[in-house]
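**Q** give me a model of this one.
(one chain, ligands or ions: 2)
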Amino acid sequence: MILSANEATIAQAALALRDGQLLGLPTETVYGLAANATDDAAVVKIFVAKGRPADHPLIVHVAGVDQVPLFAAQVPDFAQKLMQAFWPGPLTLILPRWSGVAATSAGGQDSIGLRCPSHPVAQALLRACLPLGVLGVSAPSANRFGRVSPTSAAHVQSELGSDLLILDGGDCDVGIESTIIDCTRGEPVLLRPGQITRAQVEAACGRAVRGKDAPLDVSGQAAPRASGTLESHYAPRAKVRLMTAQGITANLQALGPHANNLGLWSNERPTSDQGMGSGILWRQQAATAEQAAHDLFGVLRDLDARGVTQIWVQKPPDTPEWEGVRDRLQRAAA
Ligand code: TXA
Ligand code: MG
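**A** Ligands and ions are numbered 1, 2, ... in the order given. Coordinates of the predicted model:
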């Protein structure tokens, strides 16, 4: 059931979370499938609805920095700076977790992923939850495990069915999931790229950001797992192939009139000389990383729904601001 978000429906949604129900929640990145973070039975419902393995930890969404000490046992200086710089916004921090708090949500990790979303509906909901005793809201992306993340209320309904209560907060602005920084290894480690770039994180905290294969700290803990970092993820039904603009032209010309049920996401619509034909569904890939991120999952989902068997995608530029989009495309193609 999709409800347009307003004061009354947000209050209703907060009560649903208090009562142990699930909720489709708009955020600025993608829609989440939300439950009360400290209600283990409710959190289990998330894993079941998504078909997600119980050892893949969920992000806990909080109304603000005041809620951080409820979940995190320790906040390094550099993490503090990152919250000041980017919260509310599309940045998740992995921090040491109080044992016994939100353990099911954390999927067996002794850490916790915390994020304070900027979407006004998410903010209003998290604030409405506090007086009800819901101090944080666990929410992975509201898609079935391994599939494309939803960026509209209709996407959520098509993934998870019409029994689910979904707050409609419009299309997501950012379009790809939050940047994740692991703050448990003594230095910032990038687990998942997003709209907030590695360079912005470095500038805000004054520390170099390592890649996710960074060495472990002295405690010798195994690196936490992040399903958003599995090699194959975000996969539509159609096969996704990444190609240069020249590669697309060469392959289209080779196929000639046989090109059928083919989706194409590229900067420019090919001419008929370049192999464009009626069996090809073309969508324009924006020239800026920000707009392309916004469009990405919707384009994959739309082409998939139209029954194409392959989606050819023009490789984005190799520059830093495209890291998040490149990452999602590489894993959609894996
Ligand atoms: O933008 C987002 O982050 C969205 C919206 C709904 O907030 N959420 C999202 O959740 O993308 P999900 O579950 O699809 O991805 C969360 C990622 C997963 O890769 C998970 O493994 C990782 O965060 N994660 C969560 N807690 C963690 C922890 N304690 N240690 C390591 N990774 C963690
Ligand atoms: Mg996800």
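**Q** most distant residue from the middle of this protein?
**A** Each residue of the chain has a distance to the centre, and by Cα atoms, centre = their mean the biggest one is for Asp273: 38.5 Å.
**Q** where does the prediction get shaky in the chain?
**A** Counting by pLDDT under 70, the chain contains low-confidence residues at 215-233.
**Q** checking my notes, Ile181 in a strand, right?
**A** Yes: secondary structure assignment places Ile181 in a strand (DSSP: H, G, I helix; E, B strand; the rest coil).
**Q** separation between the residue farthest from the centre of the chain and ligand 1?
**A** Here Asp273 is placed at a distance of 42 Å from ligand 1 (Cβ to the nearest ligand atom, to the nearest Å). For every residue, glycine as well, the C-beta is placed using N, CA and C.
**Q** could you do Pro69 as well?
**A** With distances taken as Cβ to the nearest ligand atom, Pro69 is found 17 Å from ligand 1.
**Q** give me the neighbour count for that residue.
**A** Counted by other Cβ atoms under 10 Å, the residues lying close to Pro69 total 11.
**Q** secondary structure element for it?
**A** Using DSSP states H and E, Pro69 falls within helix 68-71.
**Q** give me the secondary structure label for Ala235.
**A** Secondary structure of Ala235, per three-state DSSP, is coil.
**Q** got the domain ranges for this structure?
**A** The record, using automatic domain parsing to delimit domains, assigns the chain the ranges 2-211, 239-333.
**Q** show me where the protein has strands.
**A** Along the chain, the segments classed as strands by DSSP state E run 2-4, 23-25, 32-36, 59-61, 91-96, 111-115, 137-138, 165-168, 179-182, 189-192, 239-243, 262-266, 280-284, 310-314.
**Q** so which residues on the protein come close to ligand 1?
**A** Contact residues of the chain with respect to ligand 1, defined by Cβ under 6 Å from any ligand atom, are listed as 27, 29-30, 32, 56-59, 90, 92, 94, 106, 109, 111-113, 115, 139-141, 177-178, 180, 191, 224-229.
**Q** distance of the one residue sitting closest to the centre of the chain from Pro320?
**A** With distances taken as Cα atoms, centre = their mean, the chain has Glu177 as the residue nearest its mean C-alpha position (2.5 Å). Taking Cβ to Cβ, to the nearest Å as the measure, Glu177 and Pro320 are separated by 18 Å.
**Q** so who does the residue nearest to the centre of the chain touch?
**A** Contact analysis of Glu177 by Cβ atoms under 8 Å, 6 or more residues apart in numbering lists Thr29, Val30, Pro90, Ser141, Ser149, Arg192, Gly194, Gly228.
**Q** quick one: the helix holding Pro69 to chain centroid distance?
**A** Averaging C-alpha coordinates over helix 68-71 and over its chain gives two centres that are 22 Å apart (Cα atoms, centre = their mean, to the nearest Å).
**Q** what does that helix contact?
**A** 37, 60, 62, 75, 83, 95, 97-98, 101-102, 112, 114, 135-136.
**Q** hmm, back to that, reformat the strands of the chain as CSV; add distance to Gly51.
**A** Converted to CSV, these look like this (distance: least, Cβ to Cβ, whole Å):
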stretch, distance to Gly51
strand 2-4, 22
strand 23-25, 16
strand 32-36, 11
strand 59-61, 18
strand 91-96, 22
strand 111-115, 20
strand 137-138, 16
strand 165-168, 18
strand 179-182, 22
strand 189-192, 20
strand 239-243, 21
strand 262-266, 25
strand 280-284, 28
strand 310-314, 23
